[in-house]
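> Just the structure for this:
(chains A, B and C)
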Amino acid sequence: MANPNDDYSDIVSRRQFVATAGASGAAALAGCGGGGSGSGSNGGDGSDGSDGGDGSGVIDTALVGATNNGVPSNLHVNPMGTQNYDWIAGNHIFERFAAYNFSTKEFELAGLDEWSFEETTVTLTLRDDLTWDTGDDVTASDVIRQFRLMEKTGSALWDYVESVEQGGDDKTVVLNLAEPTNPEIIKHTLANGDLRIHAYGPVYEEFVDQDASAVQEFKWEEDIHGNGPFNFEEKRDQGWTLTRNESFHSADNVNFSTYELLTRTDNTALQQGLLGGELDVVTSLFTPPTTVANFPDRVEEVQLPAKWGYGALFNHNDEHFGKREVRQAVAHVINRQQVAENAGPRTKDPAPKVTGIAPADQETRLGDRFDSFESYGMDASQTEEAASLLREAGYSKSDGKWRDGDGNALGGEYLTPAGWTDWTTATNTVVDQLNSFGFDFDINSLPIGDFFSRYIESNFTMGALYWLPGGARSSFPYFPLRWQMKIPDISGGHGFTEGEKTVPAMDGSGEMTIDPLEEIKTVATTQDEAAARETIQRVAWHHNQNIPVLSLVGKVDQSWLTDADWDVVGPDDPARGVKWPSHWLPKQGKLSATE
Amino acid sequence: MVNYYVRRTARVFVTIFLVASLTFGLVRLLPGGPFTLLRAQLLRQGVPADEVDARIANLQNIRPDEPLWMQYIDYMTALVQGNLGESISLGEPVVSVLAKAAPWTVFVVLVSTILVFVVGIFLGSLQAYWEGGRFDQVVTGVSISMMSLPFYVVAVLLLYVFAYQFGWLPTAGTISNSVDRSLSLPFVVSALKHSILPIVSYTLGAAGGQALAMRGNSIQVLGNDYVQVARLRGLSDGRIATRYVARNAILPLYTGFLLLLGFRLGGTVILEQIFSYTGLGYYMITALNANDYPLMMGTFLVITVALVVGVFIADLTYSRIDPRISAGESDEAY
Amino acid sequence: MKPTETDSTAVDWRGDSASSPDVTRRERLKETYEARVRTPALVAWSDWRTRFGLLIIGGYVLMALVAVLGLWREPSTSQAPRLLGPFADMSYPLGTTQSGVDLMALIIHSTPTILILITAGAVWATLIAVVIGTVAGYKGGSVDRGLMSFSDLVMAIPGLPLVIILAVTLNPENPVVLGVIINISYWAGLGRSLRSQVLTIRENNYVEASRTMGISTPRIIVKDIIPNLMPYITVNFVFAARYVMFASVGLYFLGVLPYSAQNWGVTLNFAYSNGALFSWQAAHWLLAPMIAIMGLSLGLILLGQGLDRVFNPRVRTRMAGESKSTVADDDDDTVTEVF
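You can find the predicted model right below:
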């Protein structure tokens, strides 16, 4: 920090490199990461590399992270608890089934040794050495207990699964599917961000015969036993203390004794923690570029796509914004590049095309057809196109505002959630752009509860809402494309109607009729990849033309590591592509204490 | 005499009762149900919406909505038994949450308020003593500039300098994670280190104001007949300063203490947020964001009780210092 | 401080200057003007703090005018390069924010709202305090007890938490409403100290006289009592205004208050959460609103301090070169509220 100006260019260039490797270097890396499906090969790497001295001892030092989920003494580690489950701690205590790697775009197995998919059965085989910290094996019946509980709580897995049973031995679980299901959907469901193997018999057995609310109300604060790399030691107002789990299957990979998670509720406090060296890792933290530039050398940023981001929601029941031309005009006017740069350069990706596919996945998913999709001017306000669309729809401009036949200005309230500062900036930018074109919008910033209620009650004209549901599953277009039509988060309050729609044909000549909701459903049940691909492109085209939700920018999650006292794998290692590096890397032996 | 104390004590309870009723009503006017924030959080975590709704429906089932008057009676009855209900967002008894939080707030507010008085009175009387001199001018200038900075701006600036730039003091929390929560030396040291910045930022501006007020009062008292008479009688300066001036200049400040305490307890809402200091104000905002009615009412009530008790103590002690108060006619003079 | 004295009940705020029945109406007017307006104003003006304070506040009023008359561009995103430093480009003298908003425009266009806000809050607080304080003090008895119990109750409610709940409940975007809400309970303390002043004023001969002449209570309060409290009221008006500003900016900073347009507090919040604290490139974003807040409160404090001289009898008499004042040597006054 002595010479911040000198360091600056250095940091930026290195970080940019990391970012590039993380986000788009995927293709190059796919080869090396994808080969060994998961932990088998990774585990080997770790133990061979650094374990020579480990037999004699583990270094008595603490890796210090942070939780921003509240005050730990109020939190617990029951992953099924509706409230106050601290996933940042829980994810260390429990092993996951599998994980999705955002770099390689492949799944990696963790607690599972193998998964296999047939027509209507899925067979899961647990790792032989997966044990609870008591030394007992994690068995098929533990997993079946967990799935039964998940059935009670309405987990998404049970949208596809009809029953579960034990397989040939006590490490094998068989899922019977209701109908043939696209394996990618099941994989995404099992590898979903925070799903962990947690149903420890002595604790969870009693909930199997009770109502779902019993397990959802349960606060697991005592007699905590997990199967992950770290054991629960203690929790207080100031943080969690976790200790190395000796009986973890890859315990050799972990060469330090303690993992602390300090309470830091405020982004600024977390940023300061990294800046001042108080924190070694931060799971996920938005950090503005000026702050990043001031981070010392030891701080490393890992950028990962959030598959989530700022979009604009229309009320399809509105007499104006229910019209396709008006929605298209809005899309033309908004300069997505500018929105991204104002709200968070480096951490916001403008969507190249307006459709329900995450920005980074659009080219691969749309293939040759990518170019024919309408871009609506990603980095420009295409006011002429917008104006001609509005005139076509019967609007005219007077006194600087676009008006309908009765002279009413086109606009209204634009809702935005209070307290999400980067969103507020995006909203300011969008509304400024729309108003300078001649719409007449006022920003209404509402507390989060009010904000969602207005959408659920369909009491709005236009507003901000994420346009992708988030999580690794959003990288499979089936989820976001379907989500954009249903938006269960707001109970479908945007009023997008089901049924057939007519849009221009994909090849540019004539029209095509499509029932997007029915069509996308077929993707869930097909195991024919080519057919799924074709359907996804057709529905994506519909979204591109009809705009159920306006895609604007994708968010990039920032995860933070430090390498002053820790050996961290280089930026080109695909293991960094699993969320979250602060959880995944230590147990892979890719983040260890320097000796 | 007895009458005064009885009436004064009765007023404490009436006040608490009324404030409890008021908060009960107010809090229910808040927009949005208690689970809207939770819902948004779970959605953001990537839990599918249907699952989130199912989970929240389960939460609501166990807390059916009773009619308002029933809730009121339940609430008040529970309150009498010292039960503030269960926090919706934390799933813990409000009392136990606040019992952990209150000492920190009381500590910070009390220490800083005492400092405000000590520093203010000390500086103010010196200023009055050297009225118009260089010291007076400098201190007045500094006081006025400190007063024009809101404490949260001071807090942010101090945080920047002492915690972010130099790293001398911690940035957040009440004590460090590695310290045992028992009354030991490391605990005290750690607690003090964490409280320095909140206390200092909460003291500076207010102390400046207090110094100016003390200065004004002292100058006024110095001009009074009895001081002149005392001087003519040839009493020593020291004696005049302590016997006449200090006493008569401090008394009015003492009544101001009541008002000050109220403002300062309320102000912790902002202060504790900046330092992530898990006291009452911190939980107040947490509860507000989560629409956690019981926790919010509880916090509000505990802050009120702290204030009412503080005022009560100040009143009683004041009546000892200034005998006119309890003597009779002017027993409600302030 | 405009006197409304046109009545036969001549009143001098110093009370002892005789109101002889044979002076003409004009002379009386003139005398009142001298005593009530000119002398205090002169005393106040003679203090550099008053002059300086008024100058600063005048500057802010000017800024508000600039905004109202549209002499400076409206703040808008992407109107300028992002994060431009201050004075780097003189068309954006204070620099710009992360989203390319001219900070100068932000500061200027927030001024009218802030001024309305603090005026509304201060007027509300002092008005209620004056009504309650004078009525209670003058009437005494059960009216006094009732009103004072009520203000004690209000004083027992911690200010900011109440304001937060009210703000979230009512979602006020109108600055007048917001100002009133912020000072919803501020009057209680002020009302109490006004009352105790009234208690002493009430005992003065001329008030007794008015009373024996059968003049109605509201009239006595307005004609005889309030004018004597005016300096004290003015000083506290200024402090109430400062409190509104501190509290409102603080709550905007916390993100508790709703807003549709940016203001100093919101800007502070944005700058803070966008890491302006950690880097020099963005520091101006944080400093600009801070300085705006400081400046206005400095102006208000200086004005308050200057006016305080009018109120503080010893200082006043010395300054005005008059004989010793007879303003009641009340024993609980000048409680400088400190936020």
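> Excluding covalently adjacent residues, which one is nearest to residue 198?
I went with chain A, as the question did not name one. Leaving aside its sequence neighbours, A:His198 sits nearest to A:Phe94 (Cβ to Cβ, 6 or more residues apart in numbering or on different chains; 4.5 Å). In short, each C-beta sits where N, CA and C put it, glycine included.
> That was the other one, I meant chain C.
That would be C:Gly137: by Cβ to Cβ, 6+ apart, it lies 2.8 Å from C:Val198.
> And A:Ser458, by the same measure?
A:Gly493 (4.4 Å).
> Please list all residues in contact with the one you found.
Applying Cβ atoms under 8 Å, 6 or more residues apart in numbering or on different chains to A:Gly493 gives the contacts A:315, A:455-458, A:487.
> One more pass at 7 Å, please.
A:455-458 (Cβ atoms under 7 Å, 6 or more residues apart in numbering or on different chains).
> same thing with B:Asp315?
Applying Cβ under 7 Å, 6+ apart to B:Asp315 gives the contacts B:Arg8.
> For A:Gln537, pull up the helix or strand it's in.
Secondary structure assigned from DSSP states H and E places A:Gln537 in helix A:529-546.
> export that helix as CSV, just CAs?
Taking Å, rounded to 0.1, in the frame of the first residue of the first chain, the C-alpha atoms of helix A:529-546 are listed here in CSV:
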residue,chain,number,x,y,z
GLU,A,529,-30.4,-33.4,-26.6
ALA,A,530,-30.9,-32.2,-30.2
ALA,A,531,-34.7,-31.8,-29.8
ALA,A,532,-34.2,-30.0,-26.5
ARG,A,533,-31.8,-27.6,-28.2
GLU,A,534,-34.2,-26.8,-31.0
THR,A,535,-37.1,-26.2,-28.6
ILE,A,536,-34.9,-23.9,-26.4
GLN,A,537,-34.0,-21.9,-29.4
ARG,A,538,-37.7,-21.5,-30.6
VAL,A,539,-38.8,-20.4,-27.1
ALA,A,540,-35.9,-18.1,-26.8
TRP,A,541,-36.8,-16.6,-30.1
HIS,A,542,-40.3,-16.0,-28.8
HIS,A,543,-39.0,-14.3,-25.7
ASN,A,544,-36.7,-12.2,-27.9
GLN,A,545,-39.7,-11.0,-30.0
ASN,A,546,-42.4,-10.8,-27.4
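> what does that helix contact?
A:182, A:324, A:353-357, A:365-366, A:369, A:373-374, A:477-478, A:481, A:484, A:501, A:503-504, A:506, A:514, A:516, A:519-520, A:522-523, A:526.
> of those, buried ones?
A:182, A:324, A:353-357, A:365-366, A:373-374, A:477-478, A:481, A:484, A:501, A:503, A:506, A:514, A:516, A:519-520, A:523 (16 or more other Cβ atoms under 10 Å in any protein chain shown).
> mind listing which of the residues you listed are in strands?
The members of the buried ones among the contacts of helix A:529-546 that map onto strands under DSSP state E are A:501, A:503, A:514.
> right, and A:Asn253 touches A:Gly589 too?
Yes - under the criterion of Cβ atoms under 7 Å, A:Asn253 makes contact with A:Gly589 at 3.2 Å.
> Export the ones in strands among the buried ones among the contacts of helix A:529-546 as CSV, with columns for pLDDT.
Shown next, in CSV, are those (pLDDT from 0 to 100):
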residue, pLDDT
A:Lys501, 93
A:Val503, 93
A:Ile514, 94
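> Pick the one among these closest to B:Val311.
A:Lys501 (67.8 Å; Cβ to Cβ).
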